[in-house]
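Engineer: Sharing a model that was predicted from the sequence below.
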Amino acid sequence: METKHIWIDTDLSVGMKRHKREGYCDVDDGYAMLQLFKAKNVEIIGISAVFGNTRIDDAFRLCQEMSTKFAKNQIPVYKGAGSAIDLSKVETNNAVEALASALKETQLTILAIGPATNIGILLLKYPELQTQIKEVVLVAGRRKPTDYFKIGNQGNHARDLNFDLDNQAFNIMFEVGIPVTLCPFEISSKVWIGADDLKKLDNGEAGNKWLAEHSLPWLAQWINQGATGFNPFDVLASHYIIAPEDIISEDLKAQLEIHPDDTVKDNNKEVFKNYLLCSNEGTFPVKYCHDVVSDYHEKLMESLIKKS
Ligand SMILES: [Ca+2]
């Protein structure tokens, strides 16, 4: 079995309270990281933190915590961008420099499960390294502007957060033409984690217990919105890296289009935003992951529960 060299870029926020509004932050980056920590066919070269689900300092601290406590081997952790790319003032950071050094040594597959800011900065600062990137796997996109993702039954549409937080970073990747794979809400909305799954996780290793414990308030938040479990978005992207045969994809073309913002209730054409749309009619080739194999849930749980 070929060992894939991978880099994880994440806005890890497991257990964090939301900044400036009520509730808890996403736990899904933790599932993706733990799955990769346990996978036998990958070698994780580095982990970089990015802003997104939480602030950069918290994401960085949590990456250090997960790497120190739960990784088989020590994986270096770097602090990346704290805000979206400003094209008038593009600044590098520790994460971008470390990723550049790693790419000079070896080709890498990048799992970018936050805003793609660090990848965008890297491509602007080190365009000569683009051929060293085998593939970037991201969580973003949809087919049509009328497709939406809602949590539960209260009528609230969720943002396409990673894309919404840094449109420009995605644009840069597409224009450069590196191989991009998208695992959007279309695929993750077919996968559920519920209370029984958290019980199974809680019986496992220390990393599993930690994740299960911090997932309880997140699950409660989804149940409160009328759902019966939660969709572990980012783990679909990590699963694609370790076992692409479990993920069903098609080759499409991406493009950015401006439409009324679907997350604003009663939006009477006052608030607009960019959409990342994937169809046969777009401009930039992408691999679009949209479904899972029939016994996927069992495979996912096995990959999370197995011993390191
Ligand atoms: Ca994430």
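Structural biologist: Yes, it's here. A quick note: this is a predicted structure, and the numbers were derived from the prediction, not measured.
Engineer: can you give me the helices for the chain?
Structural biologist: 28-38, 56-70, 94-105, 117-125, 161-165, 167-176, 185-188, 195-202, 206-224, 233-242, 296-305 (DSSP state H).
Engineer: Adding mean pLDDT, mean neighbour count and distance to Val50, write these out as JSON lines.
Structural biologist: Quick note: C-beta positions are derived from backbone N, CA and C, even for glycine. Converted to JSON lines, those look like this (pLDDT from 0 to 100; neighbours: other CB atoms under 10 Å; distance: least, CB to CB, whole Å):
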{"stretch": "helix 28-38", "mean pLDDT": "98", "mean neighbour count": "26", "distance to Val50": "10"}
{"stretch": "helix 56-70", "mean pLDDT": "97", "mean neighbour count": "20", "distance to Val50": "7"}
{"stretch": "helix 94-105", "mean pLDDT": "98", "mean neighbour count": "19", "distance to Val50": "7"}
{"stretch": "helix 117-125", "mean pLDDT": "98", "mean neighbour count": "25", "distance to Val50": "5"}
{"stretch": "helix 161-165", "mean pLDDT": "97", "mean neighbour count": "22", "distance to Val50": "9"}
{"stretch": "helix 167-176", "mean pLDDT": "98", "mean neighbour count": "21", "distance to Val50": "9"}
{"stretch": "helix 185-188", "mean pLDDT": "97", "mean neighbour count": "22", "distance to Val50": "19"}
{"stretch": "helix 195-202", "mean pLDDT": "98", "mean neighbour count": "16", "distance to Val50": "25"}
{"stretch": "helix 206-224", "mean pLDDT": "96", "mean neighbour count": "18", "distance to Val50": "20"}
{"stretch": "helix 233-242", "mean pLDDT": "98", "mean neighbour count": "27", "distance to Val50": "13"}
{"stretch": "helix 296-305", "mean pLDDT": "98", "mean neighbour count": "17", "distance to Val50": "23"}
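Engineer: and the residue most central in space within the chain, what does it touch?
Structural biologist: The centre of the chain sits closest to Ile113, judged by CA atoms, centre = their mean, with a distance of 2.1 Å. Each residue near Ile113 by CB atoms under 8 Å, 6 or more residues apart in numbering is listed here: 8-11, 28-29, 32, 138-139, 162, 234, 237-238.
Engineer: Kindly format the C-alpha coordinates of the longest strand along the chain as CSV.
Structural biologist: Longest strand in the chain, counting residues (DSSP state E): strand 247-260. Coordinates of the C-alpha atoms in strand 247-260 are reproduced here as CSV (Å, rounded to 0.1, in the frame of the first residue of the first chain):
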residue,chain,number,x,y,z
ILE,A,247,-16.5,8.2,-1.9
ILE,A,248,-18.5,8.8,-5.1
SER,A,249,-17.4,11.7,-7.3
GLU,A,250,-17.8,13.2,-10.7
ASP,A,251,-15.6,15.6,-12.8
LEU,A,252,-17.2,19.0,-13.0
LYS,A,253,-16.2,22.6,-13.6
ALA,A,254,-16.3,25.2,-10.9
GLN,A,255,-17.1,28.9,-11.2
LEU,A,256,-17.8,31.8,-8.9
GLU,A,257,-21.2,33.6,-9.3
ILE,A,258,-22.9,36.4,-7.4
HIS,A,259,-26.5,35.8,-6.2
PRO,A,260,-28.7,36.9,-3.3
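Engineer: Show me what counts as buried in it.
Structural biologist: Ile247, Ser249, Leu252, Lys253, Ala254, Leu256 (16 or more other CB atoms under 10 Å).
Engineer: Find the closest residue to the ion in the stretch 201-308 of the chain.
Structural biologist: Nearest to the ion, among the residues of the stretch 201-308 of the chain, is Asp234, at 4.8 Å (CB to the ion).
Engineer: and the protein, which of its residues are near the ion?
Structural biologist: Counting by CB under 5 Å from the ion, the chain comes close to the ion at Asp11, Asp29, Ile113, Gly114, Asp234.
Engineer: Tabulate those (a markdown table), appending distance to Pro145.
Structural biologist: Formatted as a markdown table, the residues of the chain next to the ion follow (distance: CB to CB, whole Å):
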| residue | distance to Pro145 |
| --- | --- |
| Asp11 | 25 |
| Asp29 | 27 |
| Ile113 | 24 |
| Gly114 | 23 |
| Asp234 | 24 |
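Engineer: related to what we said a few turns ago, just tell me which of the helices of the chain ends up closest to Gly152.
Structural biologist: Minimum separation from Gly152 across these (CB to CB) falls at helix 206-224, 6.4 Å.
Engineer: Mind giving me the packing neighbours of that closest one?
Structural biologist: Using 3 or more CB pairs under 8 Å, 6 or more residues apart in numbering; DSSP states H and E as the contact criterion, the secondary-structure elements in contact with helix 206-224 are helix 28-38, helix 56-70, helix 195-202.
Engineer: relative orientation of that helix and helix 296-305 in degrees?
Structural biologist: Orientation check (axes from the mean of the first three to the mean of the last three CA atoms, to 10 degrees): helix 206-224 against helix 296-305 gives 140 degrees.
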